[in-house]
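Engineer: starting from these lines, generate the structure:
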Amino acid sequence: MKILFIGIGKMGLPMSCHLLKQGHQIRVLDPDSSRLQEAELLGLEIGNQLPESLEDFQWADYIFSSLPNDKAFLAVADQVAKKASKNTRYVDTSTISIGASASAADLLKNAGVEYLRVAVSGNNHMAAAANLTILASGTKEIYDEALPLLSSWGVSQFYLGDQEQARLMKLVVNLLIAQTSAMLAEGLTLGRLGNLAWQDMWQVLSASAVGSPILKAKSAQLGMPLGSRDFSPTFTVHQMIKDLELITNAGDDLGASLTQTKTTLDWMNQAIAEGDGSLDYAAIIRVLERQVGIKDLS
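Structural biologist: Prediction:
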């Protein structure tokens, strides 16, 4: 299979490498020359980076993309609609708004390009380990055809419908991830105010009914003694704000109040104002500790 992969950042690069390991011919496009150099060292073929080039789009059986936001996605979708051959399969894995995805769907349909929305749940480490969860929507026939490719990224795949269901499901998942950090921030702050030991709280929570995979992952990262907590990012505050804005906008569009989630978004913005924007999104724990005057012993 000939695959053009557009956007080889922290998620796109490992995903494209997994496709390469399946024996497919992979060309990649990215505006970051350092990413292209890394891709070439990993055996990926570098496509023609000139914006007017048609060759790679015409060459590909499948075009994949992993992009940072609506603007980048819509620009690539427009290129695919204009440059790809009819009946090319376009698979986008970006976390974007439902509206942007629906707009692109109309554009691609008019161009005769088959469009599969594939949201992936997991971080870059999970992408490298081929342990992502795949959420797909679009034409069922195209999903079934693409499933062997998607399976290279993880063992869990879900087909959710023929329109934008995958986009919305990703937002639902990310809402719960963000709210887990908010829950931890409130609960751990309450415990510290009542003189519960930091490590004891993490041990109990991890063994309790609320000990979800995401909570246990945060326990491994943050559950060490005070003074050595690790807020290095798996997903930064800035990145989580982008997702929370997509989530709250979807809530406004669909008539869901999302009051708790909007409070979490406020805390994330406060983390940025206090200089923690480049830390892991769990840094909102520090926001709530500062609100009540707990000394920051990170």
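
Engineer: domain map for this structure?
Structural biologist: Domain ranges of the chain: 2-163, 169-291, per automatic domain parsing.

Engineer: just give the nearest non-adjacent residue to residue 147, would you?
Structural biologist: Of all residues not flanking residue 147 in the chain, residue 157 sits nearest, at 6.5 Å (C-beta to C-beta, 6 or more residues apart in numbering). The way it works is simple: take the backbone N, C-alpha and C, and place the C-beta from them, glycine included.

Engineer: using the three-state scheme, assign that neighbour.
Structural biologist: In three-state terms, and counting by DSSP: H, G, I helix; E, B strand; the rest coil, residue 157 is strand.

Engineer: which residues does stretch 198-213 contact?
Structural biologist: Around stretch 198-213, the neighbours that count as contacts under C-beta atoms under 8 Å, 6 or more residues apart in numbering are 180, 183-184, 187-188, 191-192, 215-216, 219, 222-226.

Engineer: dump that stretch to PDB, keeping only the CA atoms.
Structural biologist: Extracted as PDB, the C-alpha positions of stretch 198-213 are listed here (Å, rounded to 0.1, in the frame of the first residue of the first chain):
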ATOM      1  CA  TRP A 198       0.900  12.800  50.400                       C
ATOM      2  CA  GLN A 199       2.200   9.300  49.600                       C
ATOM      3  CA  ASP A 200      -0.500   7.600  51.700                       C
ATOM      4  CA  MET A 201      -3.200   9.300  49.700                       C
ATOM      5  CA  TRP A 202      -1.900   8.100  46.400                       C
ATOM      6  CA  GLN A 203      -1.500   4.500  47.700                       C
ATOM      7  CA  VAL A 204      -5.000   4.400  49.000                       C
ATOM      8  CA  LEU A 205      -6.500   6.000  45.900                       C
ATOM      9  CA  SER A 206      -4.700   3.600  43.600                       C
ATOM     10  CA  ALA A 207      -6.000   0.600  45.500                       C
ATOM     11  CA  SER A 208      -9.500   2.000  45.800                       C
ATOM     12  CA  ALA A 209     -12.600   1.900  43.600                       C
ATOM     13  CA  VAL A 210     -11.500   5.100  41.900                       C
ATOM     14  CA  GLY A 211      -8.100   3.600  40.900                       C
ATOM     15  CA  SER A 212      -8.500   4.000  37.200                       C
ATOM     16  CA  PRO A 213      -5.600   3.500  34.700                       C
END
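
Engineer: and it, what's buried?
Structural biologist: Of all the residues in stretch 198-213, those buried under the rule 16 or more other C-beta atoms under 10 Å are 198, 201-202, 205-206.

Engineer: now, the most widely separated pair of these?
Structural biologist: Within the buried residues of stretch 198-213, 198 and 206 form the most distant pair, 13.0 Å apart (C-beta to C-beta).

Engineer: contacting residues around the most centrally placed residue in the chain?
Structural biologist: Taking C-alpha atoms, centre = their mean, the centroid of the chain lies closest to residue 95, which sits 5.5 Å from it. For residue 95, the residues meeting the contact criterion (C-beta under 8 Å, 6+ apart) are 119, 170, 174, 242-243, 246.

Engineer: helices along this protein, start to end?
Structural biologist: According to DSSP state H, the chain carries its helices in the segments 12-21, 33-41, 55-59, 70-83, 98-111, 124-128, 140-150, 165-193, 198-207, 213-222, 237-254, 259-273, 284-291.

Engineer: select, out of the ones you listed, the one closest to residue 5.
Structural biologist: Once the helices of the chain are compared by C-beta to C-beta, helix 12-21 is nearest, at 4.2 Å.

Engineer: between helix 140-150 and the closest one, find me the angle.
Structural biologist: Taking axes from the mean of the first three to the mean of the last three C-alpha atoms, to 10 degrees, one finds that helix 12-21 is oriented at 90 degrees with respect to helix 140-150.

Engineer: mind giving me the packing neighbours of helix 12-21?
Structural biologist: strand 2-6, strand 25-29, helix 33-41, strand 62-65, helix 124-128 (3 or more C-beta pairs under 8 Å, 6 or more residues apart in numbering; DSSP states H and E).

Engineer: in it, which residues are buried?
Structural biologist: By neighbour count, with 16+ other C-beta under 10 Å as the criterion, the buried positions of helix 12-21 are 12-20.

Engineer: pick the one among these closest to residue 152.
Structural biologist: Distances from residue 152 to the buried residues of helix 12-21, taken as C-beta to C-beta, are shortest for residue 18 (4.1 Å).
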